[in-house]
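Enquirer: Provide a 3D model corresponding to the input given below.
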Amino acid sequence: MGVNIREIIPPEAIKTIELSFLKYKVVAIDAYNALYQFLTAIRQPDGTPLMDSKGRITSHLSGLFYRTINLVENGIKVVYVFDGQPPEMKYAEIERRKKIKSEAIKKYEEAVKKGDIEAARRYAQMSSRLTEDMVNDAKKLLEAMGIPYVQAPAEGEAQAAFMARKGDAWAAASQDYDSLLFGAPRLVRNLAITGKRKLPRKDVYVEIKPELIELEVLLKALGITREQLIAIGILVGTDYNPDGVRGIGPKTALKMVKAHKDPVKLLQSLPKHEFPVDPVKIYEYFLNPPVTSDYKLEWREPDEKKVFEILVEEHDFNPERVKNALERLKKAYREHIKGKQTGLDAWLRKR
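Expert: Modelled structure (predicted):
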């Protein structure tokens, strides 16, 4: 779900950029967010995901492999950040999502029986599940590709935001705005879906480009602090209180935090029955989430043999396509990453 504050983000706080704008910059990508996007977008005509001969889903691996190569070809130094153990207060949202997916599976089966391909596609996308095996395969593939990943102790977005604040990454990348609440100085959206995309339920294609939102620019435009932004998120609904406060949308929430000034006192004044957990606890979690400094970002030349084993031998990918893509990745690594690490590290330390 993620927090939905798009409605109050002023146009001047959103900058449309080209992939080339991110050249030589380290971008920490919310891995689960990206993998779900691949699972949703990379589908067969009837909406079913790509699968290998054993019936194992491979849409996420296809997206991860080819999209990452595209990003590296543009000189972007990507690092994927994986979720760890979710906080207890997120369990209600996790159960809600499971229920939605189960219902979507039933509706998908009904649509298939009726021959309604468009509905089948829609419900199949809604039923996307990311299993532990799929996540492990994604990590193995990244390692074979020479792309670093970080295992977060809890929320991946919180870890990516921490890395960006620390200066180990230039920005966090996710479709959700939670990264801003977690304190990411820069958020890049649409990184995993850049290019031509079909609009839902329409035979229309649009060009999707990355968006850059800088936290300080956003806060200045809204005339609030990060703490007040967190309070807005809690009022409209987060993964820890999905329903938010009844009758309060982003615009009303913005007015409320400006009127009350102190976000903690505002949250304490709200009706307790509106929250599954103490809103102040949620507020404190956004300010101080569990993160780790125990990681090393190192980009390596791809191990062609291991990539081939994972994609071609294990999951039946087209050998020629994989071979050609690997040549592109090797070339991109040598042109944009190899020999540039020392200079980039020095540049990051000055930020």
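Enquirer: if I look at the residue of the chain most remote from its centre, what pLDDT would I see?
Expert: Ranked by distance from the centre of the chain (Cα atoms, centre = their mean), the top residue is Lys114, with 34.3 Å. Here the pLDDT value assigned to Lys114 is 78.
Enquirer: nearest residue to Glu335 in space, please, no chain neighbours.
Expert: Leaving aside its chain neighbours, Glu335 sits nearest to Gly75 (7.8 Å; criterion: Cβ to Cβ, 6 or more residues apart in numbering). Backbone N, C-alpha and C define where each C-beta goes, glycine included.
Enquirer: what's the answer for Gly195, then?
Expert: Of all residues beyond its chain neighbours, the one nearest Gly195 is Ile208 (6.2 Å), with distances taken as Cβ to Cβ, 6+ apart.
Enquirer: what is the burial count for that neighbour?
Expert: 14 (other Cβ atoms under 10 Å).
Enquirer: ok, now how distant is it from Met126?
Expert: To Met126, Ile208 is 20 Å away according to Cβ to Cβ, to the nearest Å.
Enquirer: next, the buried residues of stretch 256-265.
Expert: Met256, Val257, Pro263 (16 or more other Cβ atoms under 10 Å).
Enquirer: among the residues you listed, which lie within helices?
Expert: Residues of the buried residues of stretch 256-265 located in helices (DSSP state H): Met256, Val257, Pro263.
Enquirer: give the rounded mean pLDDT of stretch 254-269.
Expert: In this model, stretch 254-269 has a mean pLDDT of 94.
Enquirer: mind checking how far it is from the chain centre?
Expert: 29 Å (Cα atoms, centre = their mean, to the nearest Å).
Enquirer: now the end-to-end length of that stretch.
Expert: By Cα to Cα, to the nearest Å, the extent of stretch 254-269 from end to end equals 16 Å.
Enquirer: what sits up against that stretch?
Expert: Contact with stretch 254-269 is made by 8, 222-225, 227-228, 230-232, 234-235, 248, 279-280, 283, as judged by Cβ atoms under 8 Å, 6 or more residues apart in numbering.
Enquirer: same question for the helix or strand encompassing Glu110: list its buried residues.
Expert: Here Glu110 is covered by helix 91-114, with elements defined by DSSP states H and E. By neighbour count with 16+ other Cβ under 10 Å, helix 91-114 contains the buried residues Ala92, Glu93, Ala104, Lys107, Tyr108, Ala111, Val112.
Enquirer: who touches it?
Expert: With contact meaning Cβ under 8 Å, 6+ apart, helix 91-114 is reached by 1, 46-47, 86, 117, 119-120, 122-124, 126-129, 239-240, 242, 276.
Enquirer: got it, and stretch 13-26?
Expert: Stretch 13-26 is contacted by residues 70-71, 74-79, 168-171, 188, 194, 209-214, 217-218, 221-222, 297, 336, 340, 344, 347-348 when judged by Cβ under 8 Å, 6+ apart.
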